[in-house]
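Engineer: From the sequence below, what's the structure:
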Amino acid sequence: MAITQKEIHENAINHGWWEDKRPVPELLCLVHAEVSEALEAYRRHDDVHMAEELADVVIRVMDMCEAYGINLESEIEKKHKINKGRPYRHGNKRC
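Structural biologist: All right, here's what the predicted structure looks like:
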C-alpha cells in the first residue's frame, strides 16, 4: 500500500510541525535542503543516505501539498502527460 500525502501530513502535524501554518517559502527551502543533502550523500558515494534524503524530498513535498490543498498525484499525472508530448530534449538545452 502506498503512503498518501494525507498520512504524511498527519504525521507531521502529530509531531508538532504544523502548530502554525507554515509559509510556502519556508517549505520550499526545506525541500531544497533535502535535495542538497541528497547531493552531498551522492558526492560521498553514500547511496544509502542519498536514497534516504530523496525520500525526505518527497515527504516534504507531499506534506506541503496536503497542507495547501494540492492533489500531488493528479498534478503529477497531468504534468507527465504534458512531458510525454514534448519533443526530444525540448528547448535545445544542455541538461
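Engineer: who's in contact with residue 7?
Structural biologist: With contact set as Cβ atoms under 8 Å, 6 or more residues apart in numbering, residue 7 has no partners. C-betas here are computed from N, CA, C, even on glycine.
Engineer: In which helix or strand does it reside?
Structural biologist: Using DSSP states H and E, residue 7 sits within helix 5-14.
Engineer: Show me what counts as buried in that helix.
Structural biologist: 5, 8, 9, 12 (16 or more other Cβ atoms under 10 Å).
Engineer: What is the nearest of those to residue 86?
Structural biologist: residue 5 (26.3 Å; Cβ to Cβ).
Engineer: quick one: that closest one from residue 23, how far?
Structural biologist: 19 Å (Cβ to Cβ, to the nearest Å).
Engineer: what about residue 61, how many residues close to it?
Structural biologist: Neighbours of residue 61 under the rule other Cβ atoms under 10 Å: 19.
Engineer: same question but for residue 74, I mixed them up
Structural biologist: Neighbour count of residue 74, defined by other Cβ under 10 Å: 9.
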